[in-house]
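Q: Prediction below, plus the sequence it came from.
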Amino acid sequence: DVALIHGPPGTGKTTTVVELIVQAVKRGERVLSCAPSNVAIDNLLEKLAEAAPKLRLVRLGHPARLLPSVLAHSLDEVLSKSDAAK
């Protein structure tokens, strides 16, 4: 399934997407999210981490292009803390 949520800034698009993702994960689904810019996906990740702190979130992308607030969710950081890191 594919959904498109369109609207001007400040109308709750990100909040809606966060809730859709949280509900999908609760149903046992896996979710891949993308956005047209690094900042947009970082904003989504920040709100997801805030709304559902127990979700396992992984942010793909070069660490130099990520906001400092989401670096803990970067692939490099997640892998470095995994059991297989050594």
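A: Noted; the coordinates are in hand. Computed from a predicted model, the values in this text were never measured in an experiment. Residues are numbered from 1 along each chain as shown.

Q: Phi first, then psi, for the spatially most central residue of the chain.
A: Residue closest to the average C-alpha location in the chain (C-alpha atoms, centre = their mean): Leu45, at 3.2 Å. Backbone torsions of Leu45, given as degrees, to the nearest 10, read phi -60, psi -40.

Q: I figured it was touching Leu57, is that so?
A: Yes - Leu45 lies in contact with Leu57 (C-beta atoms under 8 Å); the separation is 6.2 Å. For every residue, glycine as well, the C-beta is placed using N, CA and C.

Q: Find residues that contact each of the two.
A: Taking C-beta atoms under 8 Å, 6 or more residues apart in numbering as the criterion, Leu45 and Leu57 both touch His73.

Q: can you list contacts of the worst-scoring helix or strand of the chain on mean pLDDT?
A: The helix or strand of the chain with the lowest confidence, counting by mean pLDDT, DSSP states H and E, is helix 75-80 at a mean of 82. Helix 75-80 is contacted from outside by 58-61, 63, 71, 85, using C-beta under 8 Å, 6+ apart.

Q: how about a cut-off of 7 Å?
A: 58-60, 63, 71, 85 (C-beta atoms under 7 Å, 6 or more residues apart in numbering).

Q: same question, stretch 20-33
A: With C-beta under 7 Å, 6+ apart, stretch 20-33 has contacts from 41, 44, 48, 51-52, 55.

Q: got the contact list for Ala52?
A: Val22.

Q: if we can go back for a sec, just the buried subset of the contacts of helix 75-80, please.
A: Those of the contacts of helix 75-80 that meet the buried threshold are Arg59, by 16 or more other C-beta atoms under 10 Å.

Q: Sounds good, over and out.
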